[in-house]
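Peer 1: Next input, structure requested:
(4 chains)
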2 protein chains.
Amino acid sequence: MLSIPSYYPKQISFPKGQGVFPVNTIYSKSFFKPKSKAETKVIAAKKHSDSERRRRMRINGQYATLRTVLPNLIKMDKASVLAETVRQVRELKRAVAEVEAACRHGDSDECVLPGGVDKLSLEQCDGEQEGLVKATLSCGDRPGLISDMTRALSSVKGRLVRAEMVIVGGRSKNVLWIQGLGDGKEGMVALRRALKVVIDRPIFAGLRKRFHLPQ
Amino acid sequence: MLSIPSYYPKQISFPKGQGVFPVNTIYSKSFFKPKSKAETKVIAAKKHSDSERRRRMRINGQYATLRTVLPNLIKMDKASVLAETVRQVRELKRAVAEVEAACRHGDSDECVLPGGVDKLSLEQCDGEQEGLVKATLSCGDRPGLISDMTRALSSVKGRLVRAEMVIVGGRSKNVLWIQGLGDGKEGMVALRRALKVVIDRPIFAGLRKRFHLPQ
DNA sequence: AGTAACACGTGAAGC
DNA sequence: TGCTTCACGTGTTAC
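Peer 2: Next up is the predicted model:
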């Protein structure tokens, strides 16, 4: 534990100019072009220590940010800040993994019905309506499933005229009626492909990849 | 970017013992009790630089751990490691918050049915069975809801003899028949209190508190 | 007192 | 070559 020492740089602690030679921030305003060996050395040293100070400030700035991002990090020394960060990051990753697992197949005792198989079928409705297609898809329910379906539909030409959806036992069954796909089979193909993506998308695929979560 | 310099401490870089006076790890095995000013000074300096080295090792050890915990941190200099950590931690927190929000009320377009109000009602079954109580509770579905109910039931005296559960539209309706609560109304009161907790529990309350998530 | 944490400047090494 | 990053030892401050 630490109570933020006062010797922490309040601002930019500017050069004290205590060198033997006149040295300023621009590192060489000397009019004598042929600088002496000693002078160049001092200038280089100054430059060096300056950039080192900048580096320290960069690092300490990130420490400061880190302290604001995660709780309970203020008043901790650097080593503890890092250790606590590691701990909390692990916890966060575990949390995400757990939530994901919970959303994927619900609680174990919640699986009263057999898992079922993901299915997708398209069907041309010959009847009163012209060019009406009925799409039936069933898959595991997940947050964002309907959003994904909406997005998929907006990527094809037709428009949704009716929908029936039911979620039970952690699975989702959806029947969609789409009109105006076009005459050829291109519309059907595109629709099938788009909906296939929705069905096949793993839950939180992005999260899993981004943070190297298990499974 | 950085390609892991070779001057990284391979192992414990032990004292080189280059001082004017014999100095070892125990910092003073000198037989001459009245240590000279100079000697104590050197010993103190050694001690100081040693503890500083230990501090550095502590910090660098945590950097190493951090590099293994989060992806894409290897081959990054310290400042970038911290910056990337900040970025990824923010992303993780956002992810948890999003998932939580998604699980809390589903996607906005998923709310085709009115949200409904959380309800809990207990009812004494007068009939063939002795001391049978029917509890009906409906609330928003969430991961762990059934676990919570199970826990709640295990905390009261009676035992579950029958249950009906249905989840639709992100909401969960549950009817539980409990037997052996006891004759008085204490059993009913306890059961109601336990189930009330289940209904009122916010989703992922723990996560939210632990990581200071918004809302 | 003595310990712990920090900033600083410097030499070394890699690109 | 210069620029960057690091480890190191030291001076300083706080408890």
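Peer 1: Residue A:84 and residue B:73, how far apart?
Peer 2: According to Cβ to Cβ, to the nearest Å, residue A:84 stands 17 Å off from residue B:73. Backbone N, C-alpha and C define where each C-beta goes, glycine included.
Peer 1: er, residue A:194 I mean
Peer 2: Distance, residue A:194 to residue B:73, by Cβ to Cβ: 37 Å.
Peer 1: and if you look at residue A:196?
Peer 2: 36 Å.
Peer 1: These two: which has the busier surroundings?
Peer 2: Neighbour comparison, residue A:196 and residue B:73: the larger count goes to residue B:73, with 18 against 14 (by other Cβ atoms under 10 Å in any protein chain shown).
Peer 1: What's the separation between residue A:157 and DNA strand D?
Peer 2: Per Cβ to the nearest atom of the strand, to the nearest Å, residue A:157 is found 52 Å from DNA strand D.
Peer 1: Need the pLDDT of that residue.
Peer 2: pLDDT for residue A:157: 91.
Peer 1: contacting residues for it?
Peer 2: Counting by Cβ atoms under 8 Å, 6 or more residues apart in numbering or on different chains, residue A:157 makes contact with A:180-182, A:187, A:190.
Peer 1: Now do the SS call for it.
Peer 2: coil (DSSP: H, G, I helix; E, B strand; the rest coil).
Peer 1: again, but for residue A:184
Peer 2: Secondary structure state of residue A:184, per three-state DSSP, is coil.
Peer 1: same question, residue A:176
Peer 2: From three-state DSSP, the assignment for residue A:176 is strand.
Peer 1: Same check on residue A:127?
Peer 2: Assignment for residue A:127 (three-state DSSP): coil.
Peer 1: do you know how far it is from residue A:133?
Peer 2: 12 Å.
Peer 1: neighbour count winner among those two?
Peer 2: Comparing residue A:127 with residue A:133 by other Cβ under 10 Å, the one with more neighbours is residue A:133, at 21 against 7.
Peer 1: And the more buried one, how far from residue B:81?
Peer 2: 53 Å.
Peer 1: By pLDDT, rank the contacts of residue A:157 and give me the bottom one.
Peer 2: residue A:182 (85).
Peer 1: surely that one meets residue A:130?
Peer 2: No: the pair residue A:182 and residue A:130 fails to qualify as a contact (Cβ atoms under 8 Å) at a distance of 11.4 Å.
Peer 1: who has more neighbours, the two?
Peer 2: The neighbour comparison of residue A:182 against residue A:130 (other Cβ under 10 Å) goes to residue A:182, with 13 against 10.
Peer 1: Check the gap between the more buried one and residue A:134 for me.
Peer 2: 16 Å.
Peer 1: Repeat that for residue A:153.
Peer 2: Residue A:153 sits 13 Å away from residue A:134, going by Cβ to Cβ.
Peer 1: okay, and the common contacts of these two?
Peer 2: A:176, A:178.
Peer 1: okay, those two: which has more neighbours?
Peer 2: Between residue A:153 and residue A:134, counting by other Cβ under 10 Å, residue A:153 is the more crowded of the two (20 against 14).
Peer 1: Residue A:190 is in contact with the more buried one, correct?
Peer 2: No: with contact defined as Cβ under 8 Å, residue A:153 does not reach residue A:190; the gap is 10.7 Å.
Peer 1: all strands of chain A, in order?
Peer 2: A:119-125, A:132-140, A:159-168, A:171-179 (DSSP state E).
Peer 1: Quickly, which of those bottoms out on average pLDDT?
Peer 2: Among these, strand A:159-168 scores lowest, with a mean of 78.
Peer 1: tell me the angle that one makes with strand A:171-179.
Peer 2: Strand A:159-168 runs at 170 degrees relative to strand A:171-179, counting by axes from the mean of the first three to the mean of the last three Cα atoms, to 10 degrees.
Peer 1: in chain A, which spans are helices?
Peer 2: A:37-69, A:78-105, A:145-154, A:186-200, A:205-211 (DSSP state H).
Peer 1: Mind checking the pLDDT average for the shortest one?
Peer 2: If I follow you right, that is helix A:205-211. For helix A:205-211, the mean per-residue pLDDT is 57.
Peer 1: Go ahead and confirm residue A:199 touches residue A:120.
Peer 2: Yes: Residue A:199 is within contact range of residue A:120, at 5.6 Å (criterion: Cβ under 8 Å).
Peer 1: shared neighbours of these two, which are they?
Peer 2: Shared contacts of residue A:199 and residue A:120, counting by Cβ under 8 Å, 6+ apart, come down to residue A:137.
Peer 1: Need the phi and psi values for the nearest residue to residue A:191 once chain neighbours are set aside.
Peer 2: Spatially, and ignoring its direct neighbours in sequence, residue A:191 is nearest to residue A:156 (5.0 Å; Cβ to Cβ, 6 or more residues apart in numbering or on different chains). Phi and psi for residue A:156, reported as degrees, to the nearest 10, are phi -110, psi 180.
Peer 1: which residues does residue A:156 contact?
Peer 2: A:178, A:181, A:187, A:190-191, A:194.
Peer 1: got a winner among the residues you listed for most neighbours?
Peer 2: Neighbour max across the contacts of residue A:156 (other Cβ under 10 Å) = residue A:178, 25 neighbours.
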